[in-house]
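Visitor: Predicted coordinates and the sequence they were generated for:
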Amino acid sequence: MTIVYMPPSIRHFDPLHRVFSTWIDHLPFGYDLVTAMRPKLLVELGTHKGLSYFTFCQAMKENDIDGLCYAVDTFEGDAHTDKYDESVFSMVNDHNRQNYHGFSYLMRMFFNEALRHFEEDSIDLLHIDGFHTYEAVSEDFANWYPKVKPGGIILFHDVQARLQDFGAWKFWQELTGQHETFTFNHGFGLGVLRKPGGDRQNDPELLKLLFPGETGEEAAANLRAFYVHASKHMENTHKVKRLRKLEEEKAKAKANEKKPVKAKSGK
Ligand SMILES: C[S@@+](CC[C@H](N)C(=O)[O-])C[C@H]1O[C@@H](n2cnc3c(N)ncnc32)[C@H](O)[C@@H]1O
């Protein structure tokens, strides 16, 4: 039997928050993962301008998911993003208040300082996207792994980025030998790791596709290809929409030019 995978990102996802970030290629997957998991508690380490984080929040809101989201970041930047100014936090904070008030909270602090606010085995979905040296990523993982629920998911961005002193790829290689993982290679790589345990009987379809056991190499390749196409599809749809809007604006401006100017009545 052929399974047709037609997730919500293909049917009705239009990103509300569009800023430059290398996370762009993972938006459909991020949206689908949150929709599928329906997390009670989601934490992101490293938010910057909010591209990944607000995709998660949008999925929570649009799918009526009753959970809480936390974005941890100093909102000052690091040696890879470079230091950035206060306008970044201001923009992220405004967008958060205007769209996700009541369930999404920004924690402006170092990752280590945020640790004490979360209980062991409590986080359903953790996204690690802070500083990308081997030492930093392995420290984030060691500190936060105990906070993740059994059966919970940890995402790692940039697991295929081999530039400067990036070392997430090396740490990811080590993790894949020791844990249940799935790797997307496009968009600088996104690693998906599942913590052992939890009740897996009612796993949503996406989790079954990500972690099908030992027999799934062909299915894994198909899923990888699917999300490469999904991100291209999302960008193309956006381009077409933008072009249509431009055409409409041009047509309106032209129509206004043609309107006869009414003569002023003298007093
Ligand atoms: C790669 S960016 C995050 C990208 C973001 N997820 C996106 O979708 O574009 C990394 C962020 O992590 C933050 N960061 C790095 N190390 C940190 C630490 N130890 N504590 C708090 N924030 C940190 C930086 O300030 C920066 O904004």
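Guide: Looks like it came in fine.

Visitor: Around the ligand, pick out the residues from the stretch 1-150 of the chain.
Guide: Residues of the stretch 1-150 of the chain lying near the ligand by Cβ under 6 Å from any ligand atom: 21, 23, 46-49, 51-52, 73-74, 76-78, 81, 110-111, 129-131. To be clear about C-beta, it is placed using only N, CA and C from the backbone, and glycine gets the same treatment.

Visitor: Mind doing that once more with 8 Å?
Guide: For the stretch 1-150 of the chain, the residues in contact with the ligand (Cβ under 8 Å from any ligand atom) are 19, 21-23, 44-53, 72-78, 80-81, 84, 88, 109-114, 127, 129-132, 136, 140.

Visitor: Can you flag the buried ones in those residues?
Guide: Neighbour counting by 16 or more other Cβ atoms under 10 Å classes 19, 21, 23, 44-53, 72-75, 78, 80-81, 88, 111, 114, 127, 129-132, 136, 140 among these as buried.

Visitor: just to revisit the earlier point, list the ones among the residues of the stretch 1-150 of the chain next to the ligand that fall in helices.
Guide: Using DSSP state H, 51-53, 88, 111-114, 136, 140 are the members of these that sit in helices.

Visitor: is it true that Ile128 touches Leu155?
Guide: Yes. Using Cβ atoms under 8 Å, Ile128 is in contact with Leu155, at 6.9 Å.

Visitor: Of these two, which one has the most company?
Guide: Ile128 (26 against 22; other Cβ atoms under 10 Å).

Visitor: ok, that one to Phe103 distance?
Guide: Per Cβ to Cβ, to the nearest Å, Ile128 is found 21 Å from Phe103.

Visitor: now for the biggest strand by length in the chain, which elements pack on it?
Guide: In the chain, with assignment by DSSP state E, the single longest strand is strand 148-157. Helices and strands touching strand 148-157, by 3 or more Cβ pairs under 8 Å, 6 or more residues apart in numbering; DSSP states H and E, are helix 27-37, strand 123-128, helix 134-144, helix 168-178, strand 190-194.

Visitor: Show the contacting residues for Ala142.
Guide: Not one residue lies near Ala142 by Cβ atoms under 8 Å, 6 or more residues apart in numbering.
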